[in-house]
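[1] compute the structure for the input listed below.
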Amino acid sequence: MTEYGRGSGSEPWHPADPLYGDQGWGGQQQYPQQAQQYGQQDPYGQDVYGQGGQGYDPQYQQPYPQNPQQPQHPQHPQQYGGQQGHPGQGYDTPGYPAQQYDASWETGQAAMPYGTTPADPYGGQNPDLYGTPEAYPPPQPPGRRQAPRVPEPATDWDAEAPEEEKHPFFTGEDDDRDDEYDDDPAESRSRTGGRERRGKGKGKKKSKNGCACLVVALVLAGGVGGVGYFGYQFWQGQFGAAPDYAGEGSGSVQVEIPRGALGYDIGNILKKAGVVKSVDAFVSAQQKNPKGTLIQAGVYTLKKEMSAESAVALMLNPASQANFVIPEGKRNVWVYEEIDKKLELKAGTTQGIAKAKANDLGLPDWAKNHADVKDPLEGFLFPASYPVARGQKPEDVLRKMVSRANQEYGKLELESKAKELGLSGPWELVTVASLVQVEGKYKHDFDKVSRVVYNRLKPNNLETVGRLEFDSTINYIKGQSTLDVGTVEDLRKIKDPYNTYDIKGLIPGPISNPGAEALKSAMNPTPGPWYYFVSINENKTVFSVTNEEHNKNVAEYEKQRESSGQ
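    Below you'll find the model as predicted:
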């Protein structure tokens, strides 16, 4: 609590007390010496001049005296203009009797008789120069107080007259309207409510419109450049000729085109080999040639620095192809001999490597370690076209063939189909397919030939008693290919696990490399009771159930051979 209105006690302000609340104590600390001359106090601990604490004047305010026995100065004789005192201050006022305040009960001093005026201890030497009502205006409530007037700050600039706005894009000036004022609205307002204008320093603002124009110019330039580039590319593709050699070239070079290679792939291979000058030239020549899309995978013998048109024409000529094509049904012995020829190797080289490295060439596990097998790779040199060129190793060529067989066999459900047909596994299924391939001369007969194989493999059949009795197995044993293999009595005397006239059941392994059609027929034989068949001609194959019917069909076949001069 401040020292102006309360003592040390906790008694609250009285609402009737003129000192209640904050009523303008701002000027009460100006004359503390004069206020100390009077030791009078009201019950609320306030020094007053007058009656009952109501003769209050701010300059006489002092704290509650700490020593009540301290001698007090007599009251100041000033009457504020005689009988014109303020109400409630102990002066004669119109309509009220004059009263004198007796403070002897507070100070302990002798009471002064009524009507007695205390003497001025200073003998009038110190007159009250502030004794006019204007010098001490009455206190105002807090709500009516006015803040002291603060002089407006002087400005060093004059208000500018509004100018006609001109867009900086046409005038070339900087557009600093966005930076003219502060970002904070509170800081951009002066005490008088106006907006303050920032000073413009040199080099602090950059031309935004200049940057915008530069960006637009760059975008336009880039657009024009892009259109020009693509336009040039289009023109080049439509009208411009790609770099190309002239003529049919010279020298000799072999290139290998892998499976699945397209125009641009082939062009890149030929360019690296020095055959053509550019990929675009080759692709263009291939597209112009009606048979250009017929270029297949394989090895080609070409010339260096050929024109693209000449290169396409030579690759379409079978004479340039260094590919090795394995026909369906061919035995491995024939394949080995052809590889030796292609690689210009000594006869028997490839066959020796095949037997020595059979298990290292990529055979699946189900194709390994079968008893009495003459050639482990038989049935795995898949019929297709392979690139074979000078400088290659035989094992590399064989590995590609085995890999192709694995791919083709992997497309088929050999395991499940073998069990469904009563076979032990995929190896036996491939063996059946090899028999179908060489016994059925024509593909349209493969499904019925396959049924004959499965019917003869039944051990309880009355016609062959579980024997296959195929001439093709005798030819495989002897390494020949003929129709006149001998009499049945003579054939049964041959002791070999591949002799189907002697053994019952399936042979140890394949006797040829079956193609896709033979494989499908071996997996899906046509239902039927047949045990025999004979091909009369290309368009006629006769199937029979009994041996008697079969002998009649064989007699007809002999007539056909005699009439044709075979």
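[2] in contact with the closest residue in space to residue 271 that isn't next to it in sequence, which residues?
    Spatially, and ignoring its direct neighbours in sequence, residue 271 is nearest to residue 279 (5.7 Å; C-beta to C-beta, 6 or more residues apart in numbering). The way it works is simple: take the backbone N, C-alpha and C, and place the C-beta from them, glycine included. By C-beta atoms under 8 Å, 6 or more residues apart in numbering, the contact list for residue 279 reads 264, 267, 268, 271.
[3] ok, residue 279 to residue 529 distance?
    61 Å (C-beta to C-beta, to the nearest Å).
[4] do residue 444 as well
    Residue 444 is 20 Å from residue 529, where distance means C-beta to C-beta.
[5] try residue 445
    For residue 445, the distance to residue 529 (C-beta to C-beta) stands at 16 Å.
[6] likewise residue 336?
    Distance from residue 336 to residue 529, by C-beta to C-beta: 40 Å.
[7] then residue 363?
    Residue 363 sits 37 Å away from residue 529, going by C-beta to C-beta.
[8] neighbour-wise, which of these two wins?
    residue 363 (16 against 11; other C-beta atoms under 10 Å).
[9] what secondary structure does that one sit in?
    The three-state label for residue 363, taken from DSSP: H, G, I helix; E, B strand; the rest coil, comes out as coil.
[10] again, but for the one 3 residues further on
    Three states are possible here, and by three-state DSSP the one that applies to residue 366 is helix.
[11] residue 337 touches residue 345, doesn't it?
    No. Using C-beta atoms under 8 Å, residue 337 is not in contact with residue 345; the gap is 10.4 Å.
[12] quick check: chain neighbours aside, which residue is closest to residue 399?
    Using C-beta to C-beta, 6+ apart, the nearest residue to residue 399 is residue 361, at 5.0 Å.
[13] around the one you found, count how many other residues there are.
    Neighbour tally, residue 361, other C-beta under 10 Å: 19.
[14] quick check, residue 300 in contact with residue 312.
    No. Counting by C-beta under 8 Å, residue 300 stays clear of residue 312, with 11.0 Å between them.
[15] before we move on, which element is residue 519 in?
    helix 516-523 (DSSP states H and E).
[16] partner strands of whichever helix or strand comes after that helix and their direction?
    The helix or strand immediately downstream of helix 516-523 is strand 532-537, counting by DSSP H and E. According to DSSP bridges, strand 532-537 forms sheet pairs with strand 540-544 (antiparallel).
[17] CA atoms only for the partner strand, dumped as CSV, please.
    Output of strand 540-544 as CSV, limited to C-alpha atoms (Å, rounded to 0.1, in the frame of the first residue of the first chain):
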residue,chain,number,x,y,z
LYS,A,540,-1.6,-92.2,-95.0
THR,A,541,-0.6,-94.0,-91.8
VAL,A,542,-2.6,-97.1,-90.9
PHE,A,543,-3.1,-98.1,-87.3
SER,A,544,-4.3,-101.6,-86.2
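[18] quick check: buried residues in it?
    Buried positions in strand 540-544, judged by neighbour count with 16 or more other C-beta atoms under 10 Å: 541, 542, 543, 544.
[19] can you pick out the most distant pair from these?
    Pairwise distances across these peak at 10.9 Å for 541 and 544 (criterion: C-beta to C-beta).
[20] overlap in contacts of the two?
    Shared contacts of residue 541 and residue 544, counting by C-beta under 8 Å, 6+ apart, come down to residue 533.
[21] show me what counts as buried in stretch 300-308.
    Applying 16+ other C-beta under 10 Å to stretch 300-308 flags 300, 301, 302, 303, 305, 306, 307, 308 as buried.
[22] tell me which of these is nearest to residue 505?
    For the buried residues of stretch 300-308, the closest approach to residue 505 (C-beta to C-beta) belongs to residue 300, at 46.7 Å.
[23] for residue 289, see how far away that closest one is.
    Using C-beta to C-beta, we find residue 300 at a distance of 15 Å from residue 289.
[24] got it, and residue 221?
    In terms of C-beta to C-beta, residue 221 sits 43 Å off from residue 289.
[25] would you agree residue 466 is in contact with residue 455?
    No. Residue 466 is beyond contact range of residue 455, at 10.6 Å (criterion: C-beta under 8 Å).
[26] neighbour count: the two, which is higher?
    Using other C-beta under 10 Å, the more surrounded residue of residue 466 and residue 455 is residue 455, with 18 against 13.
[27] so the more buried one lies in a helix, does it not?
    Yes. Per three-state DSSP, residue 455 lies within a helix segment.
[28] would you double-check that residue 556 falls in a helix?
    Yes. Counting by three-state DSSP, residue 556 falls inside a helix.
[29] tell me, how many residues neighbour it?
    Neighbours of residue 556 (other C-beta under 10 Å): 12.
[30] find the nearest non-adjacent residue to it, please.
    Nearest to residue 556 is residue 536, by C-beta to C-beta, 6+ apart, at 6.2 Å.
[31] residue contacts, that neighbour?
    Residues near residue 536 by C-beta under 8 Å, 6+ apart: 542, 553, 556, 557, 560.
[32] just curious, which of those is nearest to residue 393?
    Using C-beta to C-beta, residue 557 is the member of the contacts of residue 536 that sits closest to residue 393, with 46.2 Å.
[33] wouldn't the closest one be in contact with residue 534 here?
    Yes. Using C-beta under 8 Å, residue 557 is in contact with residue 534, at 5.1 Å.
[34] what about residue 253, which SS state?
    Under three-state DSSP, residue 253 comes out as strand.
[35] and the pLDDT for it?
    Residue 253 is assigned 89 on the pLDDT scale.
[36] do I have it right that it meets residue 306?
    No. With contact defined as C-beta under 8 Å, residue 253 does not count as touching residue 306 (9.7 Å).
[37] what do the two both touch?
    residue 275.
[38] just the strands in the chain please.
    Counting by DSSP state E, one finds strands in the chain at the ranges 250-257, 298-304, 323-325, 385-387, 532-537, 540-544.
[39] quick one: the residue nearest to residue 271 from residue 291, how far?
    For residue 279 relative to residue 291 (C-beta to C-beta), the value is 20 Å.
[40] go on, residue 486?
    With C-beta to C-beta as the criterion, residue 486 and residue 291 are 49 Å apart.
[41] who has more neighbours out of the two?
    residue 486 (13 against 10).
[42] and the contacts of stretch 423-438?
    The contact list for stretch 423-438 (C-beta under 8 Å, 6+ apart) reads 328-329, 364, 366-367, 370, 378-379, 409, 414-415, 417-419, 421, 446, 449-450, 453-454, 468, 470, 472-473, 506-507, 509-515, 518-519, 521-523.
[43] filter these down to the buried ones, ChimeraX style.
    Selection of buried members from these for ChimeraX, criterion 16+ other C-beta under 10 Å:
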select :328,329,366,367,378,379,409,414,417,418,421,446,449,450,453,468,470,472,473,506,507,509,510,511,512,513,514,515,518,519,521,522,523
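[44] in this protein, where is pLDDT below threshold?
    The model of the chain has pLDDT under 70 over residues 1-210, 224-240, 565-566.
[45] got the domain ranges for it?
    1-122, 250-320, 329-410, 421-564 (automatic domain parsing).
[46] save those domains as JSON lines, and put in distance to residue 243 too.
    JSON lines is the format used below for the domains of the chain (distance: least, C-beta to C-beta, whole Å):
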{"stretch": "domain 1-122", "distance to residue 243": "101"}
{"stretch": "domain 250-320", "distance to residue 243": "4"}
{"stretch": "domain 329-410", "distance to residue 243": "28"}
{"stretch": "domain 421-564", "distance to residue 243": "43"}
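[47] one step back: which one of the strands of the chain lies nearest to residue 564?
    strand 532-537 (8.4 Å).
[48] where does the residue nearest to residue 451 when sequence neighbours are not counted fall, phi/psi-wise?
    Using C-beta to C-beta, 6+ apart and skipping residues adjacent in sequence, the residue nearest residue 451 is residue 525, 4.1 Å away. Backbone torsions of residue 525, given as degrees, to the nearest 10, read phi -70, psi 150.
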